[in-house]
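A.B. asks: what follows is a predicted structure for the sequence shown.
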Amino acid sequence: MLAVIGAMKEEVDSLAAGMTVADQQVHAGIDVIRGDFAGVELVLAQCGIGKVNATICTQMLIDLYRPRALIFSGVAGGLLPNMRIGDVVIVSHLIQYDMDLTAFGRRHGELPGKDRMIESDPALVQKAAAAFDAAFPDPAAGPSLMLGTVVSGDRFVQDPDKLRWLQREFAALATEMEGAAVGYTCELNGVPFVVIRALSDTASETASSDFAANLHTVCENSFRVLERLIPDVGARAADGRPAPTSRACPAPSAAPR
Ligand code: SAH
C-alpha cells in the first residue's frame with residue numbers, strides 16, 4: 001500500500017480520476033480514497049492547507065493504512081530568480097521555517113534534540129527524478145527539474161523580503177505550507193516519503209494572482225511525475241517483495257478500519 005497526499009482538490013483530482021476506487025471513507029474530516037492506480041494499491045487523501053492539516057492527515061493515514069511509502073504532490077512558490085512557473089522541485093530536504101526558538105539560541109526551524117533538516121527518502125528522490133525525466137524527455141520543451149531543500153510554514157508568501165530571507169537563511173528552492181509537517185510525521189513513524197512540487201508562483205508581489213491563474217496547469221506537471229513514480233515505487237520484485245526504499249518500513253498491520 002502506498003499513500004499519496006495533496007493539500008487542495010486540484011492537487012489530487014487527476015490521480016483520483018485515474019484510480020479504480022475500492023472505497024471512500026472520511027477520517028478526522030479528511031476524505032480518503034482507497035483503490036488501485038496502474039496496478040498499485042493506493043490511498044489518496046486531500047489534507048487541506050497548512051502544517052496542522054498535513055500532520056493530522058499523515059498520522060491518520062499511517063495509523064489506519066500502514067503505507068510502506070508516502071508521496072506528497074502539489075504546488076509551491078519558487079524562490080530563485082531564474083525559476084519558471086511549472087518547473088518541478090523534487091524535495092530532498094524540508095525545514096519547518098516558522099518554528100522559532102531563536103530566543104534560546106537555536107537556529108530558525110530547529111527543535112530541541114532535532115536537526116532542522118528533515119530528509120526525504122533518498123531512493124524515492126532518485127525514483128521521482130527518473131519519473132520526471134520519463135515524463136518530460138525533452139529538456140528544451142518542458143519544465144526544468146530541481147532537487148533540493150523546500151521550506152514550509154503557515155503563511156502564503158508573496159513578499160520579496162520574505163522570499164529573500166527564506167532563500168538565504170535556509171538555502172531553499174521553494175516555499176509551501178505542508179511538506180515539512182508531512183516529512184516530520186513520516187520520519188517519526190519510520191515511513192519513507194518524498195515531496196514533489198510544481199511551481200505555481202514565485203512568492204513575490206503577484207504570487208496570489210499567479211497562483212490562481214496557474215494552479216490547474218502546474219498541478220498537471222506534478223501529476224505527470226506522480227503517474228510514473230507510483231508504478232515504480234509500487235513495483236514488486238520477482239519474489240513478490242516490495243521494491244526497496246532507503247529506510248526500513250513499518251511492519252505491515254491489520255486491514256484498514
Ligand atoms: N486557495 C487558497 C489558498 C491557497 S494557499 C484559499 O482559497 O485561501 C497555497 C497553497 O499552495 C498551499 O497548499 C501551499 O502549500 C502552496 N503554495 C503555493 N505557492 C505558495 C507560496 N507562495 N507560499 C506558500 N505556499 C504556497
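C.D. replies: Here it is on my side, so go on. Numbering: from 1, shown residues only.
A.B. asks: any stretches of this structure with poor pLDDT?
C.D. replies: 237-244, 246-257 (pLDDT under 70).
A.B. asks: could you pull up the residues touching P67?
C.D. replies: 1-3, 43, 61, 191 (CB atoms under 8 Å, 6 or more residues apart in numbering). The way it works is simple: take the backbone N, C-alpha and C, and place the C-beta from them, glycine included.
A.B. asks: if we use 6 Å, what do you get?
C.D. replies: By CB atoms under 6 Å, 6 or more residues apart in numbering, the residues touching P67 are 1-3.
A.B. asks: gap between the closest residue to M117 other than its chain neighbours and A207?
C.D. replies: Spatial nearest neighbour of M117, excluding adjacent residues (CB to CB, 6 or more residues apart in numbering): H93 at 4.8 Å. Taking CB to CB, to the nearest Å as the measure, H93 falls 23 Å from A207.
A.B. asks: picking up where we left off before, contacting the ligand as well, which ones from the contacts of P67?
C.D. replies: Residues of these in contact with the ligand (CB under 6 Å from any ligand atom): none.
A.B. asks: out of the residues you listed, who's nearest A135?
C.D. replies: L2 (17.9 Å; CB to CB).
A.B. asks: next, that closest one: phi, psi?
C.D. replies: When read as degrees, to the nearest 10, the backbone of L2 gives phi -110, psi 150.
A.B. asks: spell out which parts of the stretch 51-200 of the chain neighbour the ligand.
C.D. replies: 74-77, 156-157, 175-178, 200.
A.B. asks: now do the lengthiest helix in the chain: which elements does it pack against?
C.D. replies: Among the segments of the chain that qualify as a helix by DSSP state H, the longest is helix 207-234. For helix 207-234, the elements it packs on are helix 9-18, strand 69-78, helix 122-135, strand 193-201, judged by 3 or more CB pairs under 6 Å, 6 or more residues apart in numbering; DSSP states H and E.
A.B. asks: and the first one, how far from the chain's centre?
C.D. replies: Think helix 9-18. 14 Å (CA atoms, centre = their mean, to the nearest Å).
A.B. asks: report the inter-axis angle for it versus strand 69-78.
C.D. replies: 140 degrees (axes from the mean of the first three to the mean of the last three CA atoms, to 10 degrees).
A.B. asks: now do the longest one
C.D. replies: Computed with the same axes, to 10 degrees, the direction of helix 122-135 lies at 60 degrees from that of strand 69-78.
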